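**Q** Here is my input; please provide its structure:
(chains A and B)
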There are 2 protein chains.
Amino acid sequence: MSGRLAIVGLGPGNADQVTPEAGSAVAEAAFFYGYKPYLDRLALGPHQQAVASDNHEELARAKEALAKAAEGHAVAVVSGGDPGVFAMAAAVCEAIEAGPDEWRALDVAIVPGVTAMLAVAARCGAPLGHDFCAISLSDNLKPWDLIELRLLAAAGAGFVIALYNPISKARPWQLGRAFEALAAVLPGTVPVIFGRAAGRPDERIEVVPLALADPAKADMATCIIVGSPETRIIRRDGRPALVYTPRSATGPDR
Amino acid sequence: MSGRLAIVGLGPGNADQVTPEAGSAVAEAAFFYGYKPYLDRLALGPHQQAVASDNHEELARAKEALAKAAEGHAVAVVSGGDPGVFAMAAAVCEAIEAGPDEWRALDVAIVPGVTAMLAVAARCGAPLGHDFCAISLSDNLKPWDLIELRLLAAAGAGFVIALYNPISKARPWQLGRAFEALAAVLPGTVPVIFGRAAGRPDERIEVVPLALADPAKADMATCIIVGSPETRIIRRDGRPALVYTPRSATGPDR
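**A** This next block holds a predicted model:
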């Protein structure tokens, strides 16, 4: 029997947000490759084996998983959120393109999941209710100048902006620089949502105006949503405020 | 008992892609408001009641649902995909902001789901593997000039672009105009994915170069992903090609 590879999105981290499709893909695989915190979410059986790797080893992990599948095994690569959003699906495709012909012959399936920005948005209203974009702030694989160009293009055109990979020990200054760049083109009142571990027991959601956005509020488990000038806040007595971006927009000359 | 309102994302349309959280929210509600094709996906019990409305009636539907919840009922508003992406969560927030004080006092929960672009991306590789944006092509609630400005800003900055609401009987020319605008700033070889009904029995996924993208390939159930100049295609014998956007990028002066 020829091997197969599933690239599975486990959602934001709450078992209630894992799709049945992802559950089935996990049940059908024998070998699991991923970053340890994602593998730790799986309840594996005695005939299933997890191979953890570090979060800077995506390409090596992809190659290892493809090689195992090419030996005829049922393999799963797991990602948090959705595997197609700043996660393992692109790394596996890169490895296939550069790899041996037999990797192109493999049965590869990608199982989508609820990505972080959707989970964060759901916890505070509808900040992504109108045109939006997602930008990774990691400058490991692209130059910082390109990131800043994209931030300015998106903010200037009125997109709401979701920031993935906002900060890490190795990348301590990028988020502050991003807020500075955005503050130069957006009103200081624009709401910024720090969404940490949305849907998990250690969830922390904070909404602050851009002028007061402090990078220290973010960590590796945080997805940040920066509103557009159209984004609004509804205050509620005894309940968290709702943040939303209306479906209608004026402009371009607003 | 005070009423409550859940705004529930049912995913792309495949029961395997509905989260357990969404299933629970449906089980707990007594009254359901939504566009009929989404309500038709629910297997309701004898004590549950569905109230269908047309897909141009979002705000009226939101108000009706809020009024029912304010009477003390458990109400669900359902969306396909994710309710926060060009769907009902923003309409409910708009209604709350403009509505009576008692609507602000309601328990409102938003249940995220797998949005269309993630499902389409999963069926063809990892086209959203790098920075991307989502734009609704509907000019019912925003001027066409703003849409075109956003298309050009996003393409010019190297974003992959997911197009929601690409075409309808009442909006027949907008998608063609969008392709023309994009073709003026992107290479004609950029892959365009027409993802219709991803994950459903009538699924149809087609990948064509931008220069050959024909709006007639799209209908209301289609989500379109327009690649960036970095997006690549991996041809495979006897299997569909994989389309992906690498995690790394050069530029801004590429």
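**Q** All the strands of the stretch 151-254 of chain A, in order from the start?
**A** Here the stretch 151-254 of chain A has its strands, by DSSP state E, counting those that start in this stretch, at A:160-164, A:191-196, A:204-209, A:222-226, A:232-236, A:239-244.
**Q** Is it possible to get CSV of the ones you listed that adds mean neighbour count and distance to B:Thr231?
**A** (C-beta placed from N, C-alpha, C; glycine too.) Converted to CSV, the strands of the stretch 151-254 of chain A look like this (neighbours: other CB atoms under 10 Å in any protein chain shown; distance: least, CB to CB, whole Å):
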stretch, mean neighbour count, distance to B:Thr231
strand A:160-164, 26, 18
strand A:191-196, 24, 28
strand A:204-209, 15, 33
strand A:222-226, 26, 24
strand A:232-236, 16, 34
strand A:239-244, 20, 31
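**Q** Which of the ones you listed sits closest to B:Phe194?
**A** Closest to B:Phe194 of those, according to CB to CB: strand A:160-164, at 24.9 Å.
**Q** if you look at the closest one, does any of it touch chain B?
**A** No. Shown here: strand A:160-164 not in contact with chain B (CB under 8 Å from any CB of the partner chain), separated by at least 9.1 Å.
**Q** Now the closest residue to chain B within the stretch 101-250 of chain A: closest residue in space that isn't a chain neighbour?
**A** In the stretch 101-250 of chain A, the residue that lies nearest chain B is A:Gly129 (2.8 Å; CB to the nearest CB). Using CB to CB, 6 or more residues apart in numbering or on different chains and skipping residues adjacent in sequence, the residue nearest A:Gly129 is B:Ala90, 2.8 Å away.
**Q** Next, the one you found: secondary structure please.
**A** Classification of B:Ala90 using DSSP: H, G, I helix; E, B strand; the rest coil returns helix.
**Q** tally of neighbours for it?
**A** By the criterion of other CB atoms under 10 Å in any protein chain shown, B:Ala90 has 28 neighbours.
**Q** which residues touch it?
**A** Counting by CB atoms under 8 Å, 6 or more residues apart in numbering or on different chains, B:Ala90 touches A:Ala126, A:Gly129, A:His130, A:Tyr244, A:Thr245, A:Pro246, A:Arg247, B:Gly84.
**Q** returning to what we had before: save the strands of the stretch 151-254 of chain A as JSON lines, and put in distance to B:Val75 and mean pLDDT too.
**A** Listed next are the strands of the stretch 151-254 of chain A as JSON lines, based on distance: least, CB to CB, whole Å; pLDDT from 0 to 100:
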{"stretch": "strand A:160-164", "distance to B:Val75": "27", "mean pLDDT": "98"}
{"stretch": "strand A:191-196", "distance to B:Val75": "26", "mean pLDDT": "98"}
{"stretch": "strand A:204-209", "distance to B:Val75": "24", "mean pLDDT": "97"}
{"stretch": "strand A:222-226", "distance to B:Val75": "26", "mean pLDDT": "98"}
{"stretch": "strand A:232-236", "distance to B:Val75": "18", "mean pLDDT": "97"}
{"stretch": "strand A:239-244", "distance to B:Val75": "17", "mean pLDDT": "97"}
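**Q** I'd like these laid out as TSV, including distance to B:His73.
**A** Shown next, in TSV, are the strands of the stretch 151-254 of chain A (distance: least, CB to CB, whole Å):
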stretch	distance to B:His73
strand A:160-164	32
strand A:191-196	30
strand A:204-209	27
strand A:222-226	31
strand A:232-236	20
strand A:239-244	19
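**Q** Tell me the bridge partners for the nearest residue to A:Val226 once chain neighbours are set aside.
**A** Excluding its sequence neighbours, the residue lying closest to A:Val226 (CB to CB, 6+ apart) is A:Ile161, at 4.4 Å. Going by DSSP bridges, A:Ile161 is paired in beta bridges with A:Cys133, A:Val226.
**Q** A:Ile161 contacts A:Ser136, correct?
**A** No. Using CB atoms under 8 Å, A:Ile161 makes no contact with A:Ser136, being 11.5 Å away.
**Q** returning to that earlier point: near the residue of the stretch 101-250 of chain A closest to chain B, how many residues? Count them for me, please.
**A** Neighbour count of A:Gly129, defined by other CB under 10 Å: 29.
**Q** Same question for A:Cys93.
**A** Residues lying near A:Cys93 (other CB under 10 Å) number 27.
**Q** Now do the buried residues in the helix or strand containing it.
**A** In the assignment (DSSP states H and E), A:Cys93 maps to helix A:88-98. For helix A:88-98, burial by neighbour count (16 or more other CB atoms under 10 Å in any protein chain shown) applies to A:Met88, A:Ala89, A:Ala90, A:Ala91, A:Val92, A:Cys93, A:Glu94, A:Ala95, A:Ile96, A:Glu97.
**Q** That one: what's the following helix or strand?
**A** helix A:101-104.
**Q** re the thing from before, out of the buried residues of helix A:88-98, which is nearest to chain B?
**A** Proximity of these to chain B (CB to the nearest CB) peaks at A:Ala90, which lies at 2.8 Å.
**Q** and the closest one, how far is that from A:His130?
**A** 26 Å (CB to CB, to the nearest Å).
**Q** same check, this time on A:Phe194
**A** To A:His130, A:Phe194 is 21 Å away according to CB to CB.
**Q** What of A:Leu242?
**A** When distance is defined by CB to CB, A:Leu242 is 15 Å away from A:His130.
**Q** and if you look at A:Arg196?
**A** Separation of A:Arg196 from A:His130 (CB to CB) stands at 24 Å.
**Q** what do you get for A:His47?
**A** Applying CB to CB, the value for A:His47 to A:His130 is 48 Å.
**Q** So those two - more neighbours on which side?
**A** More crowded of A:His47 and A:His130, by other CB under 10 Å: A:His130, with 26 against 6.
**Q** Am I right that that one is in a helix?
**A** No. With three-state DSSP as the criterion, A:His130 is located in coil rather than a helix.
**Q** That one reaches A:Ser228, doesn't it?
**A** Yes. Under the criterion of CB under 8 Å, A:His130 makes contact with A:Ser228 at 7.2 Å.
**Q** shared neighbours, these two?
**A** Common neighbours of A:His130 and A:Ser228, counting by CB under 8 Å, 6+ apart, are A:Val160, A:Thr245.
**Q** need the contact list for A:His56.
**A** Applying CB under 8 Å, 6+ apart to A:His56 gives the contacts A:Asn140.
**Q** A helix includes it, no?
**A** No. A:His56: not assigned to a helix; according to three-state DSSP it is coil.
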